[in-house]
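Engineer: okay, here's the prediction I keep looking at, along with the sequence it came from:
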Amino acid sequence: MGAVETISAGVARRMALAAQGFDRPRPAAVTRRQLRQVLSRVRLLQLDSVNVAVRAHYAPLFSRLGAYDRTLVDEAAWTHSTRKPRLLVETWAHEASLIPVEDWPLLRSRAKRAGWWRHYEPVLRRSPALVEDILAVVAELGPVGAGRIEREVVGESRRRQGPWWD
């Protein structure tokens, strides 16, 4: 058995930060190329409606790239053309996320077992037009948060008291 190597806490910290891309200088201008470089390290941007300062999926990029135009991420996630192919796809990867398109098959292989939707069946029995209503709102408004969809479908938010939203 070989000798055990130890490193200091400071070295371990620097290694962890470097592995996440925090050891690189921020670029003068942020392009799709820089976005790809960050995504090659982090592999996932969590979508979260918390927006005290900015939506959660923009923050990891700002912390690594500095100030950038957020439409760069929006276009990479929700716009596709021959000249600018989509870089990100929205999916469920333990949390609502944007992931690189090339990683999507890795999560689809057996990520959702047959029958995962069974918990939604009672909701759909009570409101059979709900799916069509939600799809219509998203088709009309584009990428929007769940709260906006709820206001459009129900007319107003019906949040319950407590730490989690419906």
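Structural biologist: Here it is on my side, so go on.
Engineer: tell me the mean pLDDT over stretch 149-164?
Structural biologist: Average pLDDT, stretch 149-164: 70.
Engineer: can you start the count at 651 instead of 1 from here on
Structural biologist: Shifting the count to begin at 651 puts that one at stretch 799-814.
Engineer: what does the helix or strand bottoming out on mean pLDDT in the chain rub up against?
Structural biologist: Lowest on mean pLDDT, DSSP states H and E among the helices and strands of the chain sits helix 754-758, with a mean of 80. Outside helix 754-758, the residues that touch it by C-beta atoms under 8 Å, 6 or more residues apart in numbering are Val739, Thr741, Trp742, Ala743, Ile749. Quick note: C-beta positions are derived from backbone N, CA and C, even for glycine.
Engineer: TSV for these, including distance to Gly660?
Structural biologist: Putting those into TSV (distance: C-beta to C-beta, whole Å) gives the following:
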residue	distance to Gly660
Val739	38
Thr741	37
Trp742	37
Ala743	32
Ile749	32
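Engineer: mind listing which of these are in strands?
Structural biologist: Counting by DSSP state E, the contacts of helix 754-758 place Val739, Thr741, Trp742, Ile749 in strands.
Engineer: possible to save the contacts of helix 754-758 as JSON lines with neighbour count, pLDDT and distance to Glu790?
Structural biologist: Output for those, formatted as JSON lines (neighbours: other C-beta atoms under 10 Å; pLDDT from 0 to 100; distance: C-beta to C-beta, whole Å):
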{"residue": "Val739", "neighbour count": "18", "pLDDT": "91", "distance to Glu790": "22"}
{"residue": "Thr741", "neighbour count": "18", "pLDDT": "86", "distance to Glu790": "23"}
{"residue": "Trp742", "neighbour count": "13", "pLDDT": "82", "distance to Glu790": "23"}
{"residue": "Ala743", "neighbour count": "17", "pLDDT": "81", "distance to Glu790": "27"}
{"residue": "Ile749", "neighbour count": "22", "pLDDT": "94", "distance to Glu790": "26"}
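Engineer: nearest to Pro793 among these?
Structural biologist: Using C-beta to C-beta, Val739 is the member of the contacts of helix 754-758 that lies nearest Pro793, at 12.6 Å.
Engineer: list the contacts of the closest one.
Structural biologist: By C-beta under 8 Å, 6+ apart, Val739 lies in contact with Ala727, Leu748, Ile749, Pro750, Val751, Trp754.
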